[in-house]
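Asks: What follows is a predicted structure for the sequence shown.
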Amino acid sequence: MEKQNGKSVTSLFVDSDAFVALAKEDDSNHERAVQILGELLHANVSFLTSNYVFSETITVISQRVSHKAALLFIEEMKSPNASFLIRWVDEELEVIATEIFKNQRSKNVSFVDCTNMAIMQDDKINVIFSFDKIYKKNGFQTVQDS
């Protein structure tokens with residue numbers, strides 16, 4: 001936990017499925033994602049995501065919602081007032097992610113998921129805003145469970 005203006009700040013990683021659920025009104029997790037984000041915005045939370053998640057989210061929103069919605073997502077994430085910090089996956093994190101990927105038993109774990117876990121390990125973040133159960137299987141908490 002870090003300090004900001006004398007208050008404790010919880011860092012939280014945000015995965016693509018949460019961003020997509022927020023953008024796609026007919027997503028099965030949309031209402032829950034909106035509720036969770038509302039609660040988190042009122043808490044003292046620091047949001048972190050990665051350039052891999054950013055890229056993946058743009059593609060999925062463009063395909064499942066619209067190109068216009070994907071452009072809006074880019075604009076919001078790149079805004080000087082954005083609530084989300086984007087961390088770039090470097091070579092060192094890719095090596096860690098590759099090791100995490102090698103240890104997965106499910107074919108449904110993406111390499112992006114593994115880069116998320118590598119960043120979370122590196123930054124000592126235990127909680128992720130995601131609806132993907134793979135994170136719990138790897139020792140992380142989802143926002144819904146914290």
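Replies: Received, thanks.
Asks: Tell me how many other residues crowd residue 41.
Replies: Around residue 41 sit 10 other residues, with neighbours defined as other Cβ atoms under 10 Å. All C-beta atoms are positioned from the backbone trio N, CA, C, and that covers glycine.
Asks: That one touches residue 83, doesn't it?
Replies: Yes - with contact defined as Cβ atoms under 8 Å, residue 41 reaches residue 83; the gap is 7.2 Å.
Asks: give me phi/psi at residue 86?
Replies: phi -100, psi 120 (degrees, to the nearest 10).
Asks: May I have the beta-bridge partners of it?
Replies: Beta-bridge partners for residue 86, by DSSP bridges, are residue 49.
Asks: any idea how far it is from residue 119?
Replies: 11 Å (Cβ to Cβ, to the nearest Å).
Asks: Who has more neighbours out of the two?
Replies: residue 119 (23 against 15).
Asks: Quickly find the element holding that one.
Replies: Using DSSP states H and E, the element containing residue 119 is helix 111-123.
Asks: and residue 47, what are its phi and psi?
Replies: Dihedral angles for residue 47 - degrees, to the nearest 10 - are phi -90, psi 130.
Asks: where in this protein is pLDDT low?
Replies: Within the chain, the segments meeting pLDDT under 70 span 1-9, 146.
Asks: just the helices in it please.
Replies: Using DSSP state H, the helices found in the chain span residues 16-23, 30-42, 51-64, 67-78, 91-102, 111-123, 134-137.
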